[in-house]
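J.: Kindly return the folded structure for what I paste below:
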Amino acid sequence: MAVRVHVKRVVLVAGLAALAVALAVGVGARGARAESSASPSPSGDTILRIGWMGDLDNMNPFIGWTNEVYEIYANEYLKLVEPDMDTVKPGSGGVAKSWEVTPDGKTWTFHLNEGLTWHDGEPLTSKDVAWTYNFIIDNEAPAFISFVGGIKRVETPDDLTAVFYCSKPKANMLDLDIPILPEHIWGKLDPKAVMTSYPNDPPIVGSGPFQTVEWKHGRYLRMKTYDNFYQGRAIIDEIIYVSYTNPDTMVADLVAGTLDAAYLFPPAQYNKLEKTPGIAVTAYTWRNWDYIGFNVYDGPSTGSPALLDQRFRTAMEYAIDRDTIIGEAYGGKALPGWSMMPPDSWVDPDYHWQPADGVRRDYDPEKAKQILDEAGFTDTNADGIREYKGKPITIRLLGSTRNVESQKSGKLIAGSWKAIGIDVKFQVVDEAVYFDKIWNYNGNTFEPDFDAYIWQWDGYHDPGQTLDCFTSAQIEGWNEFAWSNAKFDALDLQQNQTIDVNQRAELIKQMQAVMYEDAPMINTAFPYKLAAYRTDTWEGWTRALHGKGPAFLSATFPWSYMKLKPVAAEVDSGASNTWIIALVAVLIIAVIATIVLVRRSRSRSVEE
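T.: Now for the predicted structure:
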């Protein structure tokens, strides 16, 4: 009898103790789940997960061109001089720590930081700097050749010194968005392959604070923190960029905590996220504009010949109702656009320009019809479609599958053009189709195969480098609409050589005016970039441009990630005390159980 009573006591106490432990561990488990967004890795690594729409195009900086892939380049590779987060002036670091320039502005001497290394452990020296720039110059690499205008040669008197010899003053030498590449890898490749086909597959060897170690097309890209980064290691261990095809799914994952941040979601989701606890929502312009690009190539082309007439293009702009587009396609989250430089993006000085009253082509469909009539684009057979040299004018307009706003605005624009007598075939296509048509070749002959398209652009850190992209030299390169304008080219050459920033700003404004007048493209809007990030699980978010720009995905610099870290939630301290709570609970329950069992034992003894 005594033995049976003892066994029951042990079983009861053990069961109650187990229950107490389970309850206490449950508290700890809830705490672990609360921070799972910040530390989901089985290895215990701190991982930041960012969602964006679409996929990356190419890991090779000589080939890739989407804004998202430039974010990868900015994290992966250091530039000669890195920009800071708040101005258009350099200053946050980079390969060079200091520099001097001769009074004539033609010779720049850069002194490199000591102890720089590539991700494979090889030292980064001035020879890598010289190889990168000399390769671009010697091979006239399309992606960067316009940016190095005026640089004759780079020489290296020693491993920590690079001397740039220029034929003329180089105004934007400190702002060139050109990644320094490792000669010991790229120098072994065929130059043609470098510029056209080399995939640069992970693991990628760069010198930035993060290294690309894995890329699954259409799914995600993973970057690991580089332990030996010369400015110190980032706090996080990894960044994973997750590709989405459905923006609503991306937003749902952010709300659920599967993502830590999301980039470029639909305006309709803005208010919902703004009301979600633990999530910060931002809307900002960041050197970006949405536009209609026209095929104005005067060489072999499948584009409508009507587009080669500036009067036709300006009439097309008068038919566009920007207010309606901003309200219906962007949900009000945009500014009306007229040039390539939104306000409050390139500042100190301000490079923004927009046409004055009387010059600006505001919405006026009747004026559009008048211009077309006067230019001879008339509807001679009264079928509602205007003609060019006796043939009906049809404009093939492309919209993007990855951008909801372009799809909505495309329908509105197509309707506006039809209303002035232009037949429009609007088609939503994948961005790969965009690229194939804009840079189409018939054999070895460049032959752009489009009429018009709606797209988004993000400029470079330097406003002059941004406008370099639309010079005649960039036809078949960045100059998507294959536009050639001698006045624009001359102004570009001049601004690149003008050291005085205020004088240079005026030249850049003149360039915008020239482009607006000739109308190879129509800027429809300066859309706000809509981004959101979790503040309940992460801290250290810092917005660029004095708090008015991006907190991540600047496509310019890696600094916004360097101080990010998981929030030390209160549940963590509770979880750390799990076993103390469990022990106390066990002792209390054990005492109670023992008293109960002893009493029962005594009562049985009395009964017996």
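J.: Report the rounded mean pLDDT for stretch 402-414.
T.: Stretch 402-414 shows an average pLDDT of 93 in the prediction.
J.: same check, this time on stretch 158-171
T.: 97.
J.: CA-only coordinates of that stretch, as PDB, when you get a sec.
T.: The C-alpha trace of stretch 158-171 is given here as PDB (Å, rounded to 0.1, in the frame of the first residue of the first chain):
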ATOM      1  CA  ASP A 158      52.000  52.100 -56.700                       C
ATOM      2  CA  ASP A 159      49.300  49.700 -55.300                       C
ATOM      3  CA  LEU A 160      47.600  52.500 -53.400                       C
ATOM      4  CA  THR A 161      47.600  55.200 -56.000                       C
ATOM      5  CA  ALA A 162      45.600  55.600 -59.200                       C
ATOM      6  CA  VAL A 163      46.200  58.600 -61.500                       C
ATOM      7  CA  PHE A 164      43.500  59.600 -64.000                       C
ATOM      8  CA  TYR A 165      44.700  61.600 -67.000                       C
ATOM      9  CA  CYS A 166      42.000  63.600 -68.700                       C
ATOM     10  CA  SER A 167      41.900  65.500 -72.000                       C
ATOM     11  CA  LYS A 168      39.500  68.000 -70.500                       C
ATOM     12  CA  PRO A 169      38.300  68.900 -67.000                       C
ATOM     13  CA  LYS A 170      36.000  66.100 -65.600                       C
ATOM     14  CA  ALA A 171      33.200  67.700 -63.600                       C
END
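J.: residue ranges with poor pLDDT in the stretch 1-150 of the chain?
T.: By pLDDT under 70, the weakly predicted segments of the stretch 1-150 of the chain are 1-43.
J.: show me where it has helices.
T.: Defined through DSSP state H, counting those that start in this stretch, the helices belonging to the stretch 1-150 of the chain, from first to last, are 2-34, 67-76, 126-139.
J.: Same question for the stretch 301-450 of the chain.
T.: Secondary structure of the stretch 301-450 of the chain (DSSP H, counting those that start in this stretch): helices located at 310-318, 322-328, 365-374, 404-419, 431-438.
J.: so how far is stretch 496-503 off the chain centroid?
T.: Stretch 496-503 sits 28 Å away from the centroid of its parent chain (CA atoms, centre = their mean, to the nearest Å).
J.: same thing with stretch 49-65?
T.: Distance, stretch centre to chain centre, for stretch 49-65: 8 Å (CA atoms, centre = their mean).
J.: what's the span of that stretch, first residue to last?
T.: Its first and final residues considered, stretch 49-65 spans 22 Å by CA to CA, to the nearest Å.
J.: closest to Leu189 out of the helices of the stretch 301-450 of the chain?
T.: helix 431-438 (22.5 Å; CB to CB). The way it works is simple: take the backbone N, C-alpha and C, and place the C-beta from them, glycine included.
J.: mind listing what's buried in that closest one?
T.: Residues Glu431, Val433, Tyr434, Lys437, Ile438 are the ones in helix 431-438 that count as buried (16 or more other CB atoms under 10 Å).
J.: can you check stretch 516-533 too?
T.: Neighbour counts over stretch 516-533 (16+ other CB under 10 Å) mark 516, 518-533 as buried.
J.: from the buried residues of helix 431-438, which has minimum pLDDT?
T.: By pLDDT, Glu431 ranks lowest within those, coming in at 85.
J.: Next, count neighbours for the residue nearest to Asn60 when sequence neighbours are not counted.
T.: Excluding its sequence neighbours, the residue lying closest to Asn60 (CB to CB, 6 or more residues apart in numbering) is Asn200, at 4.3 Å. Using other CB atoms under 10 Å, Asn200 has 22 neighbouring residues.
J.: same deal with Glu506?
T.: 15.
J.: ditto for Glu214
T.: Using other CB under 10 Å, Glu214 has 15 other residues around it.
J.: circling back: which ones among the buried residues of stretch 516-533 are found in helices?
T.: Under the assignment DSSP state H, the buried residues of stretch 516-533 contribute Tyr516, Asp518 to helices.
J.: quick one: which of the buried residues of stretch 516-533 sit in strands?
T.: Met521, Ile522, Asn523, Thr524, Ala525, Phe526, Pro527, Lys529, Leu530, Ala531, Ala532, Tyr533 (DSSP state E).
J.: give me the beta-bridge partners of the last one?
T.: Beta-bridge pairing of Tyr533 under DSSP bridges involves Ala261, Ala280.
J.: mind listing what the residue nearest to Asn60 touches?
T.: Shown in contact with Asn200 (CB atoms under 8 Å, 6 or more residues apart in numbering): Asn58, Met59, Asn60, Pro61.
J.: could you measure it against Asp348, distance?
T.: To Asp348, Asn200 is 35 Å away according to CB to CB, to the nearest Å.
J.: quick one: contacts for the nearest residue to Asn228 once chain neighbours are set aside?
T.: Nearest residue to Asn228, sequence neighbours excluded (CB to CB, 6+ apart): Thr117, at 5.7 Å. Applying CB under 8 Å, 6+ apart to Thr117 gives the contacts Pro123, Leu124, Ser207, Asn228, Tyr230.
J.: please redo it, this time with the cut-off set to 6 Å
T.: By CB atoms under 6 Å, 6 or more residues apart in numbering, the residues touching Thr117 are Pro123, Leu124, Asn228.
J.: Among those residues, name the buried ones.
T.: By neighbour count, with 16+ other CB under 10 Å, the contacts of Thr117 hold Leu124 as buried.
J.: Closest to Ile72 out of the contacts of Thr117?
T.: Checking these against Ile72 with CB to CB, the nearest one is Leu124 at 18.7 Å.
J.: Assess the claim that the closest one and Gly115 are in contact.
T.: No. When contacts are counted by CB atoms under 6 Å, Leu124 is not listed as touching Gly115 (9.1 Å).
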